[in-house]
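Q: Prediction below, plus the sequence it came from.
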Amino acid sequence: MSALNSLKLVTSRKHQTVAPIVHRRNKLCAKLDEQLLLCEAQKAGNTYAPKRLKTFVNKQTGERMTAEVTKRIKEWFWVSDTGKINLAVKYGAKTLTLNKKTKANAIELSTGDELINTLKSLKVAVLNGELDEAISEVSEATRMAFGK
């Protein structure tokens, strides 16, 4: 019992739910990680194809089966007419507005290395809550589209 006496014991409960904005931040960070892995794979000359489990019903037997399939990831970046790389940050199917005053929705970059660094800094910005307002705006618009 002397080992327990040397520890600081407290009464605590684990929260069962996460605040909605924290859940949205985590969701956007996961997507930024996917884009980052996609960019790094393209830079190395490889393809990034994560796997996921898909459950379906076999039509002949009626049995539920699970198969591992590749997950399709859409690129958030493209090369513009000027030869620069444009990066749009998406939450679901919607593009986030990065600057309310100018209604800017994309970031212009010069190189692939700059793209990777920008994705890393965007992840930090999301975790710090800098894009909370834009995420909430898009989330509200999506919720209104369902008529809730």
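A: Cool, got the structure. Numbers count the residues shown, from 1 in each chain.

Q: mind checking how far the residue lying closest to S80 once chain neighbours are set aside is from E68?
A: In this structure, S80 finds its nearest non-sequential neighbour in N86, 5.1 Å apart by CB to CB, 6 or more residues apart in numbering. All C-beta spots, glycine's among them, are computed from the backbone N, C-alpha and C. Noted for N86: a distance of 33 Å to E68, by CB to CB, to the nearest Å.

Q: So which of the two has more stuff around it?
A: The residue with more neighbours, out of N86 and E68, is N86; 16 against 8, by other CB atoms under 10 Å.

Q: Contacts for the longest helix seen in the chain, please.
A: The residue-count maximum for a helix in the chain (DSSP state H) belongs to helix 20-44. The contact list for helix 20-44 (CB atoms under 8 Å, 6 or more residues apart in numbering) reads 18, 47-48, 50, 73, 75-77, 89-91, 112-113, 115-116, 119-120, 122-123, 126-127, 129, 131-132, 135-136, 139.

Q: and the residue nearest to S80, which of the three is it?
A: Of the three states, N86 takes strand under DSSP: H, G, I helix; E, B strand; the rest coil.

Q: from memory it sits against I107, does it?
A: Yes: N86 is in contact with I107 according to CB atoms under 8 Å; the separation is 7.1 Å.

Q: Quick check, K51 in contact with V69.
A: Yes: in this structure, K51 is within contact of V69 by CB under 8 Å, at 7.0 Å.
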